[in-house]
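Student: no FASTA, just this:
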């Protein structure tokens, strides 16, 4: 962009984390997974992303722990490089240039300094021909090295990383492709091939999908398209091989994995059930059902205590020894289509869109984290392809975020359309949405649009839905009419008004900012209604083309109504009921900024999308950006910022209050950032030096140690203590509390409230302060007396120490100090009692 | 790992009337006792003294029934022709009745032969009653006159000839011995005072009056005639208070519930309606098999007695509180209270560490089977006798769920004759229920597809399939008729509603203008 060089279109969060199988580190504390062009390091206990290992310029295709050093990790990428990282610090150690795009790679402890990669060989005539190549890593201290020694091991392999596995400590390598299993023995330098028939009698598919080798035994497990698992034995003789079959899955086995000791075999597939087969007792098996989406990868931690499954809904589940789900790392779920528009939850400021089937996901844009999934359909999801299930197609929030309306539909061939309109009320107590009303079959045909009335002062909430059956209906919250009954039902939603206009199909609807007008588009005609009297006030029409999107102006521009047709952007003035201006452009999406007058229009022009930001009052764009992305943009939303930006440049002022997010045709979430903002982010990220997975707070020291069971040396601990004093939350009282031996402290329940209080910022008016001062004087006197009586030798130096800390940390307020003294007094009396007895 | 989500049972709005206190009260009657009389039952009168026997006048007889007997305790048969209006005196000792032969007879309740005969009317006497001083009798006749008679010497005291048509109903005041009210087919209700020898108040009902009723306070009068029930305020000189039109045939009889809070009206349209006397809204409705001619309500609403044109007397007794309790006790011995509170009332001490037990989620049997993908078994469970008859919505919900899972065909297939006929029975019973139709039509189609090949092998199934075909055919006819009616209504509404001006046109013109001058309004949205 020549003109607006400081505004950039950037990808925003939500990259895939289920692309390749994740890796759990030796101490089971971290989980590494490939995510776009980076490797993400997650904590297995807190589910937080700790580092992002960035450096690759292509899609990362694999992550593997270095067999010789378990604190280092290799990653491969389509950019043709292997990189070695220190994942605890997030430092790139070495880059090894291979020169070919790497699709997957393997390493074994037996083959030191050799990496086996799967790459497509451009020398081959055929388009897609993959080879397994052994790469000898050059031993040099340089940051950047180039691998020269390449030797082909197997050709015609499957690029899927699940299709190749090392067997029994790296003695052989097994590879499957289509209907062929190939086993290559390194010692004999010889490979055996085993073939299966294309189709067996029952019509199942014999195609191999994945392979896993027993770590101790000569046994290869293969998964197949028809859901069978075959265990191959005796494969070092060409003729005498045998296999046994396990069958539970009803569709393809997508992943197989042996536990490190080889006692169990784990398998998973579309059914989303993790199955644990006992090795050699295959009739016994354990199930872990309903894990989420289809299982794509299974990995086991090196000590065998944690299992980890990746799912097709961009999720990684961490399971403790096949019984309990201990953590879920969930990325933004991006389906094939977003039926619901992008929306902002007014309460949590989270982005809301379709998530898992039948769910709405709440995604925090600031933290790049999925907050939660709201189950809309509330039905058991059947993991079977080709099944028509309920889909959430529309959703709308009201202005305050206390109501959510959703529409789900299930369309079956030869059967009627099933539609449900559900209204959810926000429950303050549980802090989530609770189903209030279900309206089955609210319309005869699909609902095309839905919106809430957004008056600021009125108590009544109104929802308008338009449908392909030619009607639009208004729904209103009403208390049940029969109040005589004893059943204690709360208010529910009832249909208030139904209307149609000449049998035309309403396409979209919109309320004006003050809620006094409702505009409903009936193809070419815009009808304006008064929601209070349900009177048709006026009709606006602009003959060529049906109006597809409608938007009222806001704030100072609230007298304008904007509409888009296939070729025009129209602006009506509602005071004169006439067309104010029009311009010819193919607007695909029109969004209004809720905090300003600005509007953003995404126009599709010759294969790419342009953005125009303008005010309805003046038909000149404030900002324009050509070729934002290729393809059409149909979903966009303005997200209010947490804090306002102070940008003075005219072109970027529209980004001051809110940020514009949009979804491209490839389902990538993009946003616009200014240069100033990026600079600030960069600075803040540099400041943020994380020394461990969990932030160092006093709570962490109290509780975190027990949970993590990490072996921290005492000296490092003490150094941490020194560091900790610098943290702003720390005060002397807290420190003292934490350092005093537990057996001389009063009970925890007594201390707890004080501890919490000391964390609060105390606000007290002058009057109270005076009273406190008086009290204090008295108590001090008493204290002196008591001290004389006690003759406690211990307390005096402690007092002095306390005074010292007080002097150098002025954060300790008077009230706190007094509290502390009171504790100490209490402590003494108790001690005295002990001494007396 | 999410837990299994149970099948969602659709909650349907409750059809029929809403359950109110009144419904509960008026439903609390036993099944009616039906007694065949010799002719149409024209009058029912309860004795004012215990044990509240009641006199039933039908054809040429008057039967007196005890409160619990199904046989008449007494019958008077010495009528030459059809008897009318057998009424008790306030002490329950004497009974008076009119007759088609114009003679009024007075009986002792314990005797058999008439004590007195009052002769003087020239036509059938339809109204007889005792005055409140017990010594006089009021009669009204088809000869347009009503007369007062002295009981001891059986002489006529006064004759009133103000009505101009048959006098068919009337009532005497319980508080004043001189006041009585008569209703006539000349559409009027007249209040007479024996002291002034002429009517004091005349009220125009508008239809031939079939029945009149005085409130216990005697301030309000209720008259029934035609389809109307009207309430008059006597203290305001016969001012009409309310007019009720809830029946669609002539209202024949009125009764007041013993506490005066509810008014009952019986009609030829075979309904008895109960009104609230404060707002005169219908609060309950009884249906009977034939047109009702007479209605009686025992003191304390202990029984409702209805006489019909098909000469059936229907007696409904109120359920006893003790009875219902006893039955409930016999039905089931519930576990004692202790079992339920076992361990629940333990209050943890301060230092106790609470280990919460995971709440075991209860799943219905069909849900458990669905969880294991045992689809046929789940459908079998949902078709169990209790669920099938009492909660068809559960069966339908399971069928819907199976359909959603795409396994409905598997679940429906492979049934033997018994299973299939059970299934078909359910479908026949519920297919035309608008709430279930969309789901059951799919299931029915699938059944026809699956069992196409075995049609003709079992007479039971074949008969049911024919029934199903018949049912569907009839339903389609109904729907067609309904659509026709809807169309008619639409045209009627469209023609009756005032024509509304659509406020637009002007804008359309201005839009046309803007096209004419595009250069001024067209902005320059250009990207450089």
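Tutor: Yep, it's here. Computed from a predicted model, the values in this text were never measured in an experiment.
Student: Next, the contact list for the residue of the stretch 201-350 of chain B found nearest chain A, please.
Tutor: Minimum separation of the stretch 201-350 of chain B from chain A (C-beta to the nearest C-beta) falls at residue B:350, amounting to 8.8 Å. In short, each C-beta sits where N, CA and C put it, glycine included. With C-beta atoms under 8 Å, 6 or more residues apart in numbering or on different chains as the criterion, no residue contacts residue B:350.
Student: Doesn't it lie inside a strand?
Tutor: No. Under DSSP: H, G, I helix; E, B strand; the rest coil, residue B:350 falls outside any strand and is assigned coil.
Student: which secondary structure element contains the residue in chain A that chain B sits nearest to?
Tutor: Chain A approaches chain B most closely through residue A:619 (2.8 Å), counting by C-beta to the nearest C-beta. Assessed by DSSP states H and E, residue A:619 sits inside strand A:618-630.
Student: quick one: buried residues of that strand?
Tutor: A:619, A:621, A:622, A:623, A:624, A:625, A:626, A:628, A:629 (16 or more other C-beta atoms under 10 Å in any protein chain shown).
Student: Dump the residues you listed to JSON lines, plus pLDDT.
Tutor: What follows is these, written out as JSON lines (pLDDT from 0 to 100):
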{"residue": "A:619", "pLDDT": "75"}
{"residue": "A:621", "pLDDT": "83"}
{"residue": "A:622", "pLDDT": "83"}
{"residue": "A:623", "pLDDT": "84"}
{"residue": "A:624", "pLDDT": "84"}
{"residue": "A:625", "pLDDT": "83"}
{"residue": "A:626", "pLDDT": "83"}
{"residue": "A:628", "pLDDT": "80"}
{"residue": "A:629", "pLDDT": "80"}
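Student: of all these, which comes closest to residue B:117?
Tutor: Lowest distance from residue B:117 to the buried residues of strand A:618-630 (C-beta to C-beta) belongs to residue A:619, with 107.0 Å.
Student: from what I can see that closest one touches residue A:571, true?
Tutor: Yes. Using C-beta atoms under 8 Å, residue A:619 is in contact with residue A:571, at 7.1 Å.
Student: what do these two both touch?
Tutor: With C-beta under 8 Å, 6+ apart, residue A:619 and residue A:571 have common neighbours residue A:581.
Student: Tell me the residues of the stretch 601-750 of chain A that contact chain B?
Tutor: Within the stretch 601-750 of chain A, the positions adjacent to chain B are A:610, A:612, A:614, A:618, A:619, A:620, A:621, A:624, A:626 by C-beta under 8 Å from any C-beta of the partner chain.
Student: per-residue confidence at the third one?
Tutor: Right, the one you point to is residue A:614. Reported pLDDT at residue A:614 in the predicted model: 87.
Student: and it, what are its bridge partners?
Tutor: Taking DSSP bridges as the rule, residue A:614 bridges to residue A:599, residue A:621.
Student: what's the burial count for it?
Tutor: 24 (other C-beta atoms under 10 Å in any protein chain shown).
Student: which ones are touching it?
Tutor: A:598, A:599, A:601, A:620, A:621, A:622, B:525 are the contacts of residue A:614 under C-beta under 8 Å, 6+ apart.
Student: Single out whichever of those residues has the smallest pLDDT.
Tutor: The weakest per-residue confidence within the contacts of residue A:614 falls on residue B:525 (37).
Student: hmm, back to that, show me which pair in the contacts of residue A:614 is furthest apart.
Tutor: Top of the distance list for the contacts of residue A:614 (C-beta to C-beta): A:598 and B:525, 14.5 Å.
Student: other SSEs contacting the longest helix belonging to chain B?
Tutor: Identified as the longest helix of chain B according to DSSP state H is helix B:459-496. Helices and strands touching helix B:459-496, by 3 or more C-beta pairs under 8 Å, 6 or more residues apart in numbering or on different chains; DSSP states H and E, are helix B:417-430.
Student: Going by neighbour count, list what's buried in stretch A:285-297.
Tutor: For stretch A:285-297, burial by neighbour count (16+ other C-beta under 10 Å) applies to A:288, A:290, A:291, A:292, A:293, A:294, A:295, A:296, A:297.
Student: nope, stretch A:45-55 is what I was after
Tutor: A:45, A:47, A:49, A:50, A:51, A:53, A:55.
Student: Switch those residues over to JSON lines; also include pLDDT.
Tutor: Formatted as JSON lines, the buried residues of stretch A:45-55 follow (pLDDT from 0 to 100):
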{"residue": "A:45", "pLDDT": "85"}
{"residue": "A:47", "pLDDT": "83"}
{"residue": "A:49", "pLDDT": "82"}
{"residue": "A:50", "pLDDT": "83"}
{"residue": "A:51", "pLDDT": "81"}
{"residue": "A:53", "pLDDT": "85"}
{"residue": "A:55", "pLDDT": "83"}
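Student: Output these in TSV, with distance to chain B and secondary structure appended to each entry.
Tutor: TSV is the format used below for the buried residues of stretch A:45-55 (distance: C-beta to the nearest C-beta, whole Å; DSSP: H, G, I helix; E, B strand; the rest coil):
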residue	distance to chain B	secondary structure
A:45	18	coil
A:47	16	coil
A:49	23	strand
A:50	25	strand
A:51	28	strand
A:53	30	strand
A:55	36	coil
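Student: Relative to residue B:320, which of those residues is nearest.
Tutor: Closest approach to residue B:320 among the buried residues of stretch A:45-55 (C-beta to C-beta): residue A:47, at 66.5 Å.
Student: For residue A:306, see how far away the closest one is.
Tutor: 13 Å (C-beta to C-beta, to the nearest Å).
Student: Tell me how the chain divides into domains.
Tutor: Picked chain A for this. Here the domain parsing of chain A from the TED database is A:18-159, A:167-330, A:542-683.
Student: oops, chain B please
Tutor: Residue ranges for the domains of chain B, per the TED database: B:22-318, B:365-488.
Student: Those domains: which one's closest to residue A:560?
Tutor: Among those, the nearest to residue A:560 by C-beta to C-beta is domain B:365-488 (42.2 Å).
Student: Double-check that residue B:439 belongs to a helix.
Tutor: Yes. Under three-state DSSP, residue B:439 falls within a helix.
Student: Tell me which other helices or strands the helix or strand containing residue B:381 touches.
Tutor: Residue B:381 is part of helix B:375-382 when elements are defined by DSSP H and E. Packing partners of helix B:375-382 (3+ C-beta pairs under 8 Å, 6+ apart): helix B:365-371, helix B:392-404, helix B:408-412.
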